[in-house]
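Chemist: Below: sequence and its predicted model.
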Amino acid sequence: QVQLVESGGGLVQAGGSLRLSCAASGRTFSTYAMGWFRQAPGKEREFVAVISWSGVNTYYADSVKGRFTISRDNAKNTVYLQMNSLKPEDTAVYYCAANGGVRPSLWYSSNNYDYWGQGTQVAVSS
């Protein structure tokens, strides 16, 4: 069982930065691939980024590539999402999620994640 709690959201102007954190409980955090997803009003939840259990492999949605960076600290049971050059279209509720063993080709789908946080709101003004 893994419990996830996101923090770090807020209101920022376009071009600004935010760093989201996701703190996990449980001793098995280091065995999970960790993803970030987001959901804007009236839209489906979409993949943002994912990091392998070791932190070696990372993948990003094309819309955030080059602007966002996902990282993790297994000693602190925490995964991060550094968001730079934010745009109004990045406005959404951001969720972290843990998946416990599906192959990497399935990491892009929210259906393959076992545990979810409650979300943190990010709003980017123009």
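Modeler: Nice, thanks for sending it over.
Chemist: Show me the strands in the protein, by range?
Modeler: Secondary structure of the chain, counting by DSSP state E: strands at 4-7, 10-13, 18-24, 33-39, 46-51, 58-60, 68-73, 78-83, 92-99, 115-116, 120-125.
Chemist: so which of these gets nearest S105?
Modeler: strand 58-60 (10.1 Å; CB to CB). (C-beta placed from N, C-alpha, C; glycine too.)
Chemist: tell me the contacts of the residue nearest to the spatial centre of the chain?
Modeler: Central residue of the chain (CA atoms, centre = their mean): W36, 2.0 Å from the mean position. If a contact means CB atoms under 8 Å, 6 or more residues apart in numbering, then W36 has 20, 22, 48-50, 70, 79, 81, 94-97 as its contacts.
Chemist: N84 now?
Modeler: 17, 67-69.
Chemist: Repeat the analysis, applying 7 Å as the threshold.
Modeler: Contacts for N84 (CB atoms under 7 Å, 6 or more residues apart in numbering) come out as 17, 67.
Chemist: What is the neighbour count of S105?
Modeler: When neighbours are defined as other CB atoms under 10 Å, S105 has 8 of them.
Chemist: sorry, back to before: give me the buried subset of the contacts of W36.
Modeler: Buried members of the contacts of W36, scored by 16 or more other CB atoms under 10 Å, are 20, 22, 48-50, 70, 79, 81, 94-97.
Chemist: Could you point out which residue ranges in the protein have low pLDDT?
Modeler: For the chain, no stretch is flagged by pLDDT under 70.
Chemist: hmm, 80 instead?
Modeler: Applying pLDDT under 80 to the chain picks out residues 26-27, 101.
Chemist: can you redo the buried ones among the contacts of W36 as a markdown table with distance to A123?
Modeler: As requested, the buried ones among the contacts of W36 are exported to a markdown table (distance: CB to CB, whole Å):
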| residue | distance to A123 |
| --- | --- |
| L20 | 13 |
| C22 | 19 |
| V48 | 16 |
| A49 | 19 |
| V50 | 24 |
| I70 | 21 |
| V79 | 22 |
| L81 | 15 |
| Y94 | 11 |
| Y95 | 15 |
| C96 | 18 |
| A97 | 21 |
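Chemist: Which one of these is nearest to T28?
Modeler: Of the buried ones among the contacts of W36, the one sitting nearest to T28 (CB to CB) turns out to be V79, at 13.9 Å.
Chemist: Many thanks, I have nothing further to ask.
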